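Participant: Dropping the sequence and predicted coords here.
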Amino acid sequence: MTEKEIIARIEALPGIERPNDMQFEVLRSKVRDIILIAPTGSGKTLAFGARILSRTGAPAGYTQAVVIAPSRELVMQIASVMRQLARGYKTVELYGGHSVADETASLEPVPDIIVATPGRLLDHLQRGTLKPGGSLEMLVLDEYDKSLQLGFEGEMKRIVRRLPKPGNIVLTSATRLAELPQYLGIENPEIIEAGPTAEKEGKLETIRVESFSRDKLDTLSELLKTFAPDSKTIVFVNHRESAERVWRRLRDDGISAGLYHGALDQQQRVMAVDMLANGTTPVLVATDLAARGLDIEAVESVIHYHIPVDGQTWTHRNGRTARQDASGSVYVITSEADTLPDYMEFNRDYQPRGGGEASPSDVATLYFAAGKKEKISRGDIAGFILSNTDLDRERLGKITVHDHFSLAAVPRSMSRSLVETLNRLKIKGKKVRITQVKI
């Protein structure tokens, strides 16, 4: 595909006027291998997506590009972007917690582009359900500093042995890895570093919040009560048990909060992200699993309930806000038990306002027990709701459709009557169970 055609595809995407300098540099690079170091939210996916299109030929019945990412959420995000950018090419996503049967069916005919987590990609290679064949034009390791860490090393070695030798390799991350594994076969890569981070651009304000108790729950709750009811916030903790404890306390205090950690099943995690994005639970309590791969528009604030374990985690947590051209705030709750690392710098100290009250979200989420595999689309759900109820189009919120379920955001004041009405009807001639998601 020519550069002109690729640029036209990028500019046709929602919210994109033209490729940024980093994306142009990656697209036009003449070297075989690239290491791309760029802050989160800077458009790395479009950068390597454009390079994939520049290096692959027309669909040819074999896999031409493989993108490996360390988390399910990142895989889903990348695949969504690639499907829009690489129209005409078959893009398939493979990740744990996803139906193996659905994935196996999606591999026939062979996809042109595969986006996968290391474990699930290796599983399909070993089963023989994925037979790449042909020549692999491009291998991308997104968030490579995570993918190439010790925990993934064995899987990555076996994957590289089973894949055809790639013609080009791209490694991307917001942070640099000191040494590259020899088995990748990378020599003399071009290192492309994107522009200044959000902190340097002044878009990200870092605020210290003092807790007079080692248990920071009271401080966190009072801080959140001063935020606007629809302000999207991610609260980061260091452990799953802490996430559960913080989440329960916020709910008890009347704050609409969701929960996100690795012990939840995939559907629970997907729903938690969707309900943050659609405003049903504008606060998400999460472990560092959410520090990479979540691309949610308009997250105004990140709160460090616990001090991050290292500088990389600090960078990735903060990258959930102030994305693209937006601004954001980072709050760090500290107590006498905390030792603050050198990489933390604050713009100011928080001045308690007092008097805040919890304001539950006025958005509710309807759950539809049908999705893409049942041939249900966003348009189907929107039309079904609007044509059968008194809800105005302007008040119908975000609709997301997954393989076997869908979610629709609606006014909480109407949610009960909508469920009662819609459950008596059929969508596309099918009876589909509809419920309101409890929070």
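Facilitator: Arrived safely, thanks for sending. Residues are numbered from 1 along each chain as shown.
Participant: For the nearest residue to Glu193 once chain neighbours are set aside, give me phi and psi.
Facilitator: Once flanking residues are discounted, Glu193 sits nearest to Ile37: 4.7 Å by C-beta to C-beta, 6 or more residues apart in numbering. Heads up, the C-betas are built off the backbone N, CA and C, glycines and all. The phi and psi values for Ile37, taken as degrees, to the nearest 10, are phi -110, psi 110.
Participant: Quick check: mean pLDDT of the helix or strand hosting Asp380?
Facilitator: Using DSSP states H and E, Asp380 maps to helix 378-388. What helix 378-388 shows for mean pLDDT is 97.
Participant: Centre of the chain to that helix, how far?
Facilitator: Mean-position distance between helix 378-388 and its chain equals 26 Å (C-alpha atoms, centre = their mean, to the nearest Å).
Participant: packing partners for it?
Facilitator: Helix 378-388 sits against strand 399-401, strand 406-411, helix 415-422, with contacts defined as 3 or more C-beta pairs under 8 Å, 6 or more residues apart in numbering; DSSP states H and E.
Participant: To Met76, which of these lies closest?
Facilitator: Closest of the helices and strands packed on helix 378-388 to Met76 is strand 399-401, at 10.9 Å (criterion: C-beta to C-beta).
Participant: mind listing what that closest one pairs with, with the direction of each?
Facilitator: Applying DSSP bridges, strand 399-401 is found paired with strand 406-411 (antiparallel).
Participant: contacting residues around the partner strand?
Facilitator: 271, 274-275, 278-280, 362-368, 370-371, 376, 378, 381-382, 385, 391, 395-400, 418, 437 (C-beta atoms under 8 Å, 6 or more residues apart in numbering).
Participant: Please list only the buried members of these.
Facilitator: Buried by 16 or more other C-beta atoms under 10 Å: 271, 274-275, 278-280, 363-368, 370-371, 376, 381, 385, 391, 396-400, 418, out of those.
Participant: Please pull out the lowest mean pLDDT helix or strand from this protein.
Facilitator: None of the helices or strands of the chain scores lower by mean pLDDT, DSSP states H and E than helix 198-201, at a mean of 51.
Participant: buried set for the very next helix or strand once past that one?
Facilitator: The first helix or strand that comes after helix 198-201 along the chain, using DSSP H and E, is strand 204-210. Across strand 204-210, burial judged by 16+ other C-beta under 10 Å covers 204-209.
Participant: roughly how far is stretch 57-65 from the heart of the chain?
Facilitator: 26 Å.
Participant: Straight-line length of that stretch, end to end?
Facilitator: 10 Å (C-alpha to C-alpha, to the nearest Å).
Participant: now stretch 143-158
Facilitator: Using C-alpha to C-alpha, the two ends of stretch 143-158 sit 19 Å apart.
Participant: how much space between Ala291 and Val81?
Facilitator: Ala291 sits at a distance of 19 Å from Val81 (criterion: C-beta to C-beta, to the nearest Å).
Participant: out of the two, which sits in the busier spot?
Facilitator: Ala291 (24 against 18; other C-beta atoms under 10 Å).
Participant: ok, the more buried one touching Trp314?
Facilitator: No. Using C-beta atoms under 8 Å as the test, Ala291 is too far from Trp314 to be in contact (9.2 Å).
Participant: Give me the pLDDT value at Glu103.
Facilitator: On the pLDDT scale, Glu103 is placed at 95.
Participant: show me the contacts for the residue lying closest to it once chain neighbours are set aside.
Facilitator: In space, Glu103 comes closest to Leu94 once its chain neighbours are excluded; the distance is 5.4 Å by C-beta to C-beta, 6+ apart. Contacts here follow C-beta under 8 Å, 6+ apart; on that basis Leu94 touches 75, 103, 114-117, 120-121, 124, 130.
Participant: hang on, Val209 packs against Tyr331?
Facilitator: Yes. The criterion here is C-beta under 8 Å, and Val209 meets it with Tyr331 at 5.2 Å.
Participant: For the stretch 201-350 of the chain, just list every one of the strands.
Facilitator: 204-210, 232-236, 257-260, 283-286, 299-304, 328-334, 348-349 (DSSP state E, counting those that start in this stretch).
Participant: Could you point out which residue ranges in the stretch 201-350 of the chain have low pLDDT?
Facilitator: Applying pLDDT under 70 to the stretch 201-350 of the chain picks out residues 201-202, 324.
Participant: which of the helices and strands packed on helix 378-388 sits most buried?
Facilitator: strand 406-411 (a mean of 23; mean count of other C-beta atoms under 10 Å).
Participant: quick one, it and helix 415-422 angle?
Facilitator: Angle, strand 406-411 to helix 415-422, by axes from the mean of the first three to the mean of the last three C-alpha atoms, to 10 degrees: 130 degrees.
Participant: so what sits against both of Val209 and Tyr331?
Facilitator: What both Val209 and Tyr331 touch, as defined by C-beta under 8 Å, 6+ apart, is the set 223, 350.
Participant: circling back to that earlier point, sort out for me which of the buried ones among the contacts of strand 406-411 are in helices.
Facilitator: Counted as lying in helices by DSSP state H, out of the buried ones among the contacts of strand 406-411, are 271, 274-275, 381, 385, 418.
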